[in-house]
Structure formats: C-alpha cells, structure tokens
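**Q** coords below, sequence missing:
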C-alpha cells in the first residue's frame with residue numbers, strides 16, 4: 001500500500017501551555033530549544049495567537065509582536081502557525097474590517113506562515129475578511145470549523161461549513177474539537193466524509209479533556225486525516241493535546257509513519273519538563289490537570305467548570321453548583337446551540353450562573369443581548385422567540401454580516417493612542433491597543 005506519512009503540528013509553544021499552564025510560558029523559556037524544534041520535522045509550530053497575545057501584555061511584560069519576530073528569527077525551516085478567531089481577531093468583540101485586515105497583514109509580515117481561522121458560531125461570514133487578507137498576504141490559510149454536539153450539529157452540517165471554507169479560499173480544512181468531544185468512531189465517519197468530498201488536506205485538532213483524544217486520532221488517521229496537533233509530553237494530556245512522542249511511536253513502521261525521530265524529541269521534552277516546573281513555581285499554578293469526563297455531559301472544558309465553581313463559592317452559593325451544571329445545557333439550547341469555545345463558552349457559563357443565582361434571565365449581560373441581536377453572527381439553531389422576547393424584547397435582530405455595521409476603526413484608534421501620549425505608535429502598537437486597550441496602555445507605560 002502507498003505510504004501516507006502523517007504530518008504533525010507541535011503545540012507546546014501555544015496551546016500546550018495555554019491548556020495546562022494558563023498561557024504563562026515566556027519567550028525565554030522557548031529560546032534554548034527553538035533550533036531543535038525547527039529541525040525536528042514538524043509540519044508547523046503553533047506558537048502565536050489564541051490567548052498568548054493577551055497573556056504577553058497582561059501577565060508576562062512581553063510585546064507579543066516582538067515575541068513573534070524573535071521566534072521567526074530562530075525558526076528558519078518550520079512555519080509558525082497561529083490561531084485567529086475571525087472577526088474577533090484575538091479579542092472578545094467583533095472588530096472593523098480594517099482592523100482585521102491590518103492585523104493579518106502585520107502577523108504575516110512579522111513571521112506567521114500558517115493561520116488557522118475559525119468562528120465560534122461556524123458562521124463563515126465572520127471569516128471572509130480574515131481569510132481573504134491571509135490569502136493576499138501569502139500565508140497558508142487554514143479554514144476551521146468548530147466541532148460540537150447538539151440536535152443541530154451532524155456530519156452534513158459540518159460538511160456544509162467545510163464547503164464554504166473551501167469556497168472562501170482555504171488551503172486546508174481543520175476540525176477544531178476544543179473540548180475533546182469527538183469520539184473515535186465519529187471521528188472516522190467525519191474524516192471519511194470530508195476526504196470523500198474535499199480535495200484539500202484535512203487537519204484534526206482535539207484536546208485530551210475527555211480522555212479519548214489518542215483513540216480519536218488513530219481512527220481519524222485511518223480515515224485519511226492528513227495532519228494532527230500534538231504537544232510534547234510535559235505539556236500534553238489533561239486538557240491539552242496527545243503527546244507528540246506517543247503518536248510518533250504509535251505510527252512507526254506503519255503507512256502513516258511520521259518520519260520524526262522520537263530520540264530527537266526527548267531532550268526537547270526534558271527542557272520543557274523543567275520549564276513546566278518553573279512556571280508552576282513562579283506563578284503558583286497547578287499544572288497537573290487531569291482529564292474530566294464531565295465534559296462529555298456538559299460540553300464545557302474542565303478549567304471553565306472549576307472557574308464557575310469558584311464564582312459560586314465567592315457568592316456563598318457553592319451548594320447551587322449542581323443546578324449550574326444542569327442550567328448550562330439549557331442556556332445553550334435557549335441561545336441556539338452555540339459552540340462552547342471563546343467567546344461563547346464564557347457567555348453561556350456566565351448566563352447560567354446568573355440564572356441560578358438570580359433567577360432565569362432576570363439579569364442579562366450585554367454580550368448575551370448582542371448574541372441574541374445577531375451581532376456575533378448566525379446561531380446554529382434559531383433562538384426560541386419566547387427567549388428572545390425575554391432577553392431583548394421587540395428589538396430588531398440583524399441577519400446580515402455583523403461587521404457590516406462597524407465603521408473603519410484604525411484612524412480613530414491611532415488618534416486615541418496619540419491622545420494617550422503615543423503619537424508615533426507603530427501599527428503593531430495600534431493593533432495591540434485595539435484588542436486590549438487598558439492592558440496595552442498599562443504595558444506601554446513601562447515599555448514605550
């Protein structure tokens with residue numbers, strides 16, 4: 001039979017530590033092994049985007065753009081991959097098209113080679129501008145759809161989104177399973193359906209949260225998946241990805257042999273084992289995060305469940321936690337079954353907490369009202385009219401692309417930053433301010 005080597009994206013520089021160490025890995029933790037990672041034989045190194053941008057500015061005293069330039073300076077062979085939330089960019093709101101376009105341009109100019117672009121609602125209208133900009137800038141454009149489970153999500157609904165991603169110019173298509181919900185045989189069926197219809201490479205991203213990830217990868221690989229995400233062992237498992245060394249070893253001598261020498265990975269893993277301990281000690285973090293099979297019932301990642309429990313404790317309502325777990329699926333159904341990924345996971349969790357503490361929809365956060373108004377895009381299922389009336393009354397719901405209502409922002413942002421005392425701010429600094437105004441200004445005080 002024809003060999004079909006599996007390609008691997010290494011996530012230790014981004015999702016690995018985002019999942020297990022609160023995104024606290026510093027550039028100095030990465031530098032000693034970047035050349036070794038570059039030579040290891042990965043398809044790409046995921047090293048930017050997601051929560052790293054916020055964490056650099058907010059917690060680590062780093063300029064995320066300078067981090068990217070430093071990475072690019074050391075990584076001569078292997079492309080740098082980033083995660084981008086479509087019209088949300090790396091923030092938590094929708095931004096104007098000029099901000100999205102400029103951000104993508106700057107990311108590519110500073111070193112990003114592969115951009116994985118997704119929308120929490122799988123509304124591909126929210127991906128159009130980012131994907132077009134990435135294409136023009138010369139990046140590999142990976143269109144992603146979010147995998148979730150509901151009465152409105154099935155193989156055909158995911159195929160529909162995948163077809164739209166292809167039409168938007170994707171160079172590859174990614175199944176993004178952020179909660180570890182994708183079961184092995186479901187993965188086989190979905191991957192086989194995608195391979196039968198789409199000629200582009202198919203990439204699978206999952207998390208070990210439910211304990212199924214390695215089995216899911218093996219079945220998906222058998223069905224034809226071309227690329228998977230893995231993390232070196234110190235930053236694998238738990239709520240992260242399967243261990244790179246384990247997947248490489250499991251496929252040795254098979255049709256899907258990766259060609260990566262596991263012996264070359266061991267010294268890199270040893271380095272990150274020390275990094276993980278240092279991060280835990282420095283930031284007082286618990287990095288020993290176990291799998292949490294409750295995610296299979298509640299579809300909310302384990303870390304978020306613990307955060308919600310802490311919120312309930314702070315309100316003296318820890319005894320209501322079981323009610324919260326029952327309320328979250330109800331809220332998700334009420335709101336049209338959004339995927340539980342940033343930012344909609346936080347929105348559903350917060351709304352459920354308010355409902356349990358104060359009564360159903362007695363207090364509704366602005367973000368939930370905007371979701372119901374259509375300002376985040378089209379929900380997978382229609383929102384029940386009675387729920388919509390309860391949340392926004394007789395207000396109009398928009399049906400067009402939400403960003404069509406957002407006027408260009410870059411010029412105004414430059415002016416704002418000048419008024420704050422930074423008249424000669426770089427485009428990168430303007431973009432940092434656009435996404436995280438208060439955090440960026442605090443960073444600029446001591447670093448500009």
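**A** Structure received. These numbers were taken from a predicted model, which means no experiment stands behind them.

**Q** Break down the stretch 51-200 of the chain into its helices, ranges please.
**A** 52-55, 64-74, 97-110, 128-137, 155-167, 184-197 (DSSP state H, counting those that start in this stretch).

**Q** buried sites along the second one?
**A** When neighbours are counted by 16 or more other CB atoms under 10 Å, the buried residues of helix 64-74 are found to be 64-65, 67-68, 70-72. To be clear about C-beta, it is placed using only N, CA and C from the backbone, and glycine gets the same treatment.

**Q** would you turn those residues into CSV with pLDDT and distance to residue 238?
**A** Below are the buried residues of helix 64-74 laid out as CSV (pLDDT from 0 to 100; distance: CB to CB, whole Å):
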residue, pLDDT, distance to residue 238
64, 99, 25
65, 99, 30
67, 99, 24
68, 99, 27
70, 99, 28
71, 99, 25
72, 99, 29
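
**Q** thinking again about what came up before, among the helices of the stretch 51-200 of the chain, which comes closest to residue 412?
**A** helix 97-110 (10.2 Å; CB to CB).

**Q** And the closest one, what does it pack against?
**A** If contacts are counted by 3 or more CB pairs under 8 Å, 6 or more residues apart in numbering; DSSP states H and E, helix 97-110 sits against helix 64-74, strand 80-84, strand 112-117, helix 128-137, helix 410-419, helix 427-435.

**Q** Can you give the distance from it to the centre of its chain?
**A** Relative to the centre of its chain, helix 97-110 is centred 18 Å away, using CA atoms, centre = their mean, to the nearest Å.

**Q** ok so, going back, make JSON lines out of the helices and strands packed on helix 97-110 and add distance to residue 47.
**A** Below are the helices and strands packed on helix 97-110 laid out as JSON lines (distance: least, CB to CB, whole Å):
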{"stretch": "helix 64-74", "distance to residue 47": "5"}
{"stretch": "strand 80-84", "distance to residue 47": "5"}
{"stretch": "strand 112-117", "distance to residue 47": "9"}
{"stretch": "helix 128-137", "distance to residue 47": "17"}
{"stretch": "helix 410-419", "distance to residue 47": "26"}
{"stretch": "helix 427-435", "distance to residue 47": "17"}
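
**Q** and among those, the most buried is which?
**A** Most buried of these by mean neighbour count (mean count of other CB atoms under 10 Å) is strand 80-84; its value is a mean of 27.

**Q** Which strands or helices does the host helix or strand of residue 279 pack on?
**A** For residue 279, the element it lies in under DSSP states H and E is helix 262-283. Counting by 3+ CB pairs under 8 Å, 6+ apart, the packing neighbours recorded for helix 262-283 are helix 27-30, helix 34-39, helix 244-251.

**Q** confidence score at residue 139?
**A** In this prediction, residue 139 carries a pLDDT score of 99.

**Q** Next: residue 313.
**A** Taking residue 313 on its own, its pLDDT is 79.

**Q** Can you give the domain ranges for the chain?
**A** Domain assignment of the chain by the TED database yields the ranges 7-283, 300-403, 408-445.

**Q** nearest to residue 1, of those domains?
**A** Here domain 7-283 is closest among the domains of the chain (CB to CB), at 5.8 Å.

**Q** buried set for stretch 373-393?
**A** For stretch 373-393, by 16+ other CB under 10 Å, it's 373-381, 383, 387-388, 391-392.

**Q** circling back: could you dump the helices of the stretch 51-200 of the chain into a markdown table with distance to residue 213 added?
**A** Listed next are the helices of the stretch 51-200 of the chain as a markdown table, based on distance: least, CB to CB, whole Å:
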| stretch | distance to residue 213 |
| --- | --- |
| helix 52-55 | 22 |
| helix 64-74 | 26 |
| helix 97-110 | 28 |
| helix 128-137 | 27 |
| helix 155-167 | 18 |
| helix 184-197 | 9 |
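
**Q** Residue 292: which of these is closest?
**A** Using CB to CB, the helices of the stretch 51-200 of the chain put helix 184-197 closest to residue 292, at 18.4 Å.

**Q** Quick check: mean pLDDT of the helix or strand that the closest one is followed by?
**A** Counting by DSSP H and E, the next helix or strand C-terminal to helix 184-197 is strand 202-205. Mean pLDDT, computed over strand 202-205, is 99.

**Q** and after strand 202-205, which helix or strand comes next?
**A** Following strand 202-205 in sequence, per DSSP H and E, is helix 213-223.

**Q** and residue 18, what does it touch?
**A** 50-52, 55 (CB atoms under 8 Å, 6 or more residues apart in numbering).

**Q** Including distance to residue 33, could those go into CSV?
**A** CSV is the format used below for the contacts of residue 18 (distance: CB to CB, whole Å):
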residue, distance to residue 33
50, 20
51, 22
52, 17
55, 20
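
**Q** Tell me who's in contact with residue 225.
**A** Contacts of residue 225 by CB under 8 Å, 6+ apart are 6, 191, 195, 202-204, 217.

**Q** let's see it at 7 Å
**A** 191, 202, 204 (CB atoms under 7 Å, 6 or more residues apart in numbering).

**Q** Quick check: of those residues, which lies closest to residue 242?
**A** residue 204 (10.6 Å).
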